[in-house]
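> what follows is a protein structure lacking sequence information:
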Ligand code: MN
């Protein structure tokens, strides 16, 4: 029975990168192919990965990524994330990305999904205070973002959340 349970959980987690793979042609994009539970070459400890990538695509945005269950949960934020309290940013949840993506910087070629330049805007680790379907509270230890941040569902938009310092 325990084996069966493990297989089921693994199957479910694997499915979560399907959309990531489906959207990309790895013979054309330099983005990492990656896998669920993938590793980073220079990962210093067991702390969970936090990264924001500035993505100069058709619309400039900032991709917030937080490690959970062997993948990077991801949100696209149309404006620069804020370092002070009192400003809420819209954050649209996007497909899960592989762990390896946290180190990615480069140019996604014209014609490919997300075409444009990706650079790391901020990076570090985080601790979870609360992780629910409607509300996520984390303590971010980045260079730019530091402290307690909330993501709360914002149903006015499909896959909408609000991201703010709390
Ligand atoms: Mn993006």
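Alright, I've got the coordinates. As the structure is a prediction and not an experimental result, all values here were calculated from the model.

> the spatially most central residue of the chain sits in which helix or strand?
The centre of the chain sits closest to residue 65, judged by Cα atoms, centre = their mean, with a distance of 2.2 Å. Assigned by DSSP states H and E, residue 65 belongs to strand 60-68.

> for the closest residue to the ion within the chain, name its beta-bridge partners.
With Cβ to the ion as the measure, residue 55 is the residue of the chain nearest to the ion, at 3.7 Å. (Glycine included, C-beta is placed from N, CA and C.) Judged by DSSP bridges, the bridge partners of residue 55 are residue 61, residue 118.

> going forward, the N-terminal residue is numbered 579.
Sure, I'll start numbering at 579, so the last one becomes residue 633.

> wait, it sits on residue 693?
No: if you go by Cβ atoms under 8 Å, residue 633 and residue 693 don't touch, sitting 10.1 Å apart.

> and the two? which has more neighbours close in?
Comparing residue 633 with residue 693 by neighbour count (other Cβ atoms under 10 Å), the higher total belongs to residue 633, at 20 against 14.

> find the nearest non-adjacent residue to residue 693, please.
residue 686 (5.1 Å; Cβ to Cβ, 6 or more residues apart in numbering).
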